[in-house]
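S.K.: Using only what follows, build the 3D model:
(chains A, B and C)
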Amino acid sequence: MPELPEVETIARELRPLVADAVVTEVWTDWPRAIRHPAPAAFGAGLVGRRIVDVRRRAKWLVLTLEGGAMLVIQVKMTGQLAVVASDTPRDRHVHVAWRLADGRELRLRDTRKFARVGLYRAGEDGLPLDAGETGALFAGHGPEPLEPDFTLGVFRRRLRARRGRLKPLLLDQAFLAGVGNIYADEALWRARLHPLRTAASLRPPEEARLHSAIRGVLSEAIERRGSSVDDYTAPEGDGEMQEHLDVYQRTGLPCHRCGRPIRRILVGGRGTHFCSWCQRLPQRERTSSTDTILAGIH
DNA sequence: ACGCCTACCTGCTTGC
DNA sequence: TGCAAGCAGGTAGGCG
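M.R.: Just a heads-up that it's a prediction; the model follows:
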C-alpha cells in the first residue's frame, strides 16, 4: 500500500513519462473518483493542458500543468498509475484515463476504487487558491520527514506536545506526512520502541533513535523503489523493499536482531508488527488497556 | 487532543 | 466443493 516511498517512486518514474505531454481527452467510468471539480469541469479543465512536472507531497501526487493548475492524484490503498499506448485494452479496474496527444494514455487502475483525483488552481508555493470543499489541500498535513527542516528538535517538540501512543501517532498525517502502516512498524522496530509507548514518555536518546529510524527506513525504501506488497507497483514495475522489511507481515518469523518470533497485535484497528523482546513496554506504561491489546490473538 | 467508530471498496483468506 | 463472513488499510467524518 503506497506510503511516502511508493508515492515518491511513482512520481519519479512518471515524471519523464508524462513531462511535456498534452492531455487531449479525459475518461472515467467511476465519477466518484473525481473529488473536485464536477466531472465535466474536471475534463474540460484538463483538455489541451500540458503536463510540466510531477511531484509528491505527503502521499499525494501533484502533476503541475502549464497555466497554473494542479492535477492531484491520491492512489490510497490499491491505485496504480501507468502510461501505455492508447489502443491497449483497458481492463475492468482502470477507472480514470487521460489521453495524451502523442497516442499514449495515462491510466489510474484501482481494484478497490479508493483512489481520488482532483483539479486545482495552483497558488503561490504550490498551495491551491481554489481547493473546493476540501479547504486548503495540504494545510492539514504535518512536516515532510525527509526535508532538511524536519530536524530532531522539530520532531522532539511535536512528540512532546502529544499524549497518544506511538503507533497511531505515526499514522496521523497531521503529525507527520507520509508514514503508513508498513513504515510505522518498521521505524519502531529500528528504533527499538514498543508501538504502545506514549509519545511524551520518550527519553532524549529514544526520540533521536525514532527520528533517525523514520528517515532511514523511508530513504532506504525510496532507494529500493518501495515495497510491493499487495497491489503496489510503480510505472516501471515492482519495488524491492518488501524483501528487506524486518517486521511488516513477518508474524511468527524470527526477529532479524534477536531471533524471537515477530508478534502481531491490533492497535487502533491496525495490524501492528513488532518484536516483544527488542521493543519492550516499560512497566510504568502498562495499563489495563495495553494489557488487553497485548493479550489479543497474534 | 484523543480514541474509537463507521464508511468507502473488492479480492483474497478463513471457517463451516 | 461452495458460500458467506472476515480481513486488509488510507482517509474522512462523526461522536464522546
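S.K.: Run through the residues of the stretch 101-250 of chain A sitting next to DNA strand C.
M.R.: A:112, A:114, A:133, A:134, A:140, A:171, A:173, A:180, A:181, A:182 (Cβ under 7 Å from any atom of the strand). Where you see a C-beta, it was placed from the backbone N, CA and C, and this is true even at glycine.
S.K.: just the buried members of those?
M.R.: By neighbour count, with 16 or more other Cβ atoms under 10 Å, these hold A:134, A:171, A:173, A:180, A:181, A:182 as buried.
S.K.: Which ones among the residues you listed map onto helices?
M.R.: When DSSP state H is applied, those are split such that A:171, A:181, A:182 fall in helices.
S.K.: Spell out the residue ranges of the strands in chain A.
M.R.: Ranges of strands within chain A are A:23-28, A:34-36, A:51-57, A:60-65, A:69-74, A:79-85, A:94-100, A:104-110, A:116-122, A:128-130, A:263-267, A:270-274, based on DSSP state E.
S.K.: Would you mind splitting chain A into its domains for me?
M.R.: A:4-134, A:152-294 (automatic domain parsing).
S.K.: Make CSV from those and add mean pLDDT and distance to residue A:145 to it.
M.R.: Formatted as CSV, the domains of chain A follow (pLDDT from 0 to 100; distance: least, Cβ to Cβ, whole Å):
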stretch, mean pLDDT, distance to residue A:145
domain A:4-134, 88, 7
domain A:152-294, 91, 5
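S.K.: Output those as CSV; include the columns distance to DNA strand B.
M.R.: Shown next, in CSV, are the domains of chain A (distance: least, Cβ to the nearest atom of the strand, whole Å):
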stretch, distance to DNA strand B
domain A:4-134, 4
domain A:152-294, 3
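S.K.: could I get these as TSV with distance to residue A:146?
M.R.: Converted to TSV, the domains of chain A look like this (distance: least, Cβ to Cβ, whole Å):
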stretch	distance to residue A:146
domain A:4-134	8
domain A:152-294	6
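S.K.: and the closest residue to residue A:257 other than its chain neighbours, how many residues sit next to it?
M.R.: Spatial nearest neighbour of residue A:257, excluding adjacent residues (Cβ to Cβ, 6 or more residues apart in numbering): residue A:278 at 5.3 Å. Residue A:278 has 21 neighbouring residues, counting by other Cβ atoms under 10 Å.
S.K.: list the contacts for residue A:278?
M.R.: A:189, A:192, A:255, A:257, A:258, A:260 (Cβ atoms under 8 Å, 6 or more residues apart in numbering).
S.K.: Just flag the most distant two among these.
M.R.: A:192 and A:260 (13.2 Å; Cβ to Cβ).
S.K.: how close does the residue of the stretch 1-150 of chain A found nearest DNA strand C get to residue A:169?
M.R.: Residue of the stretch 1-150 of chain A nearest DNA strand C, by Cβ to the nearest atom of the strand: residue A:59 (3.5 Å). Per Cβ to Cβ, to the nearest Å, residue A:59 is found 17 Å from residue A:169.
S.K.: Could you do residue A:188 as well?
M.R.: Taken as Cβ to Cβ, the span from residue A:188 to residue A:169 is 11 Å.
S.K.: neighbour count winner among these two?
M.R.: residue A:188 (29 against 22).
S.K.: Now for the closest residue to that one other than its chain neighbours: which residues touch it?
M.R.: Nearest residue to residue A:188, sequence neighbours excluded (Cβ to Cβ, 6+ apart): residue A:195, at 5.4 Å. Neighbouring residues of residue A:195 by Cβ under 8 Å, 6+ apart: A:165, A:166, A:167, A:184, A:185, A:188, A:265, A:267, A:272, A:274, A:279.
S.K.: same deal with residue A:82?
M.R.: Residue A:82 neighbours (Cβ under 8 Å, 6+ apart): A:106, A:107, A:109, A:235.
S.K.: How about the contacts made by the second one?
M.R.: What it means is residue A:107. A:81, A:82, A:83, A:84, A:90, A:94, A:96, A:97, A:98.
S.K.: So in terms of bridging, what pairs with the third one?
M.R.: Partner residues in beta bridges with residue A:83: residue A:106, with DSSP bridges as the criterion.
S.K.: looking at it, it is touching residue A:19, isn't it?
M.R.: No: counting by Cβ atoms under 8 Å, residue A:83 stays clear of residue A:19, with 11.2 Å between them.
S.K.: The two: who's more crowded?
M.R.: Taking other Cβ under 10 Å, residue A:83 and residue A:19 do not tie; residue A:83 has more neighbours (17 against 14).
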